[in-house]
Each structure stands twice: as C-alpha cells, then as structure tokens.
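**Q** below are the sequence and a predicted model for it; my questions follow.
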Amino acid sequence: MDVRIGITHTPKELEVEMPEGEDRDKVVAEIEKLLKTGDGVLWLTDRKGRRIGVPVVKVAYVEVGAPSGERRVGFGAP
C-alpha cells in the first residue's frame, strides 16, 4: 500500500511505501485523527523501517492507495 501526502507550498508529493500487511483502515483512522486535531506530526514507517514525519499543519492532502496484492500491472490490468 502506498500513501501519498501533498505538502502545502510545495509542488512535490511525499510517497511512502507501507510494509506488507499494514492495515489500511488503521492507517486511514490514524491520519484522520491527526488531521482533525490540526496539530502534531504525522509519523509513518515505510517498508524499509524508516520513519517519516510531516507536520500536520503542512498537509494539503493524503491519498491512500490499494494494498499491493490488489494492484494489477501489465496487459491484463483493467
């Protein structure tokens, strides 16, 4: 599963490749909780164990992709 975060006043996105088996609903709930408070740092741990932190006040948008097993690549993809 990939999580893309848009940062305010920056044209680039931050893309975090989450570990296999990460619970998508749990990640979304954690992001929603922090965005509602409007304060703090959104911390995510990527597939390689690196921790990425983004100040919540700088988050423009968040896009949570499908789990890796649901992605289709190639000519057979819909």
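**A** Here it is on my side, so go on.
**Q** buried ones in stretch 38-47?
**A** 42, 44 (16 or more other Cβ atoms under 10 Å). Yep, even glycine has a C-beta here, placed from its N, CA and C like the rest.
**Q** what does stretch 27-40 give?
**A** Neighbour-count burial for stretch 27-40 flags 27, 31, 34 (criterion: 16+ other Cβ under 10 Å).
**Q** what does stretch 42-49 contact?
**A** 3, 5, 16-20, 27, 31, 34, 51-56, 59 (Cβ atoms under 8 Å, 6 or more residues apart in numbering).
**Q** show me where this structure has its strands.
**A** Using DSSP state E, the strands of the chain run over 2-7, 13-17, 41-45, 51-55, 59-64.
**Q** report pLDDT for residue 50.
**A** You'll see residue 50 listed with a pLDDT of 95.
**Q** ok, back up a step: in helices only, show me the buried residues of stretch 27-40.
**A** Those of the buried residues of stretch 27-40 mapping onto helices are 27, 31, 34, per DSSP state H.
**Q** what separation do you get for the first one and residue 44?
**A** Okay, so that is residue 27. To residue 44, residue 27 is 8 Å away according to Cβ to Cβ, to the nearest Å.
**Q** what's the answer for the last one, then?
**A** Noted for residue 34: a distance of 11 Å to residue 44, by Cβ to Cβ.
**Q** the second one too?
**A** As for residue 31, its distance to residue 44 is 9 Å (criterion: Cβ to Cβ).
**Q** anything in contact with each of those two?
**A** Going by Cβ under 8 Å, 6+ apart, residues that sit against residue 31 and also against residue 44 are residue 3.
**Q** any idea which of the strands of the chain is most buried?
**A** Mean neighbours per residue, mean count of other Cβ atoms under 10 Å, is largest over the strands of the chain for strand 2-7, with a mean of 17.
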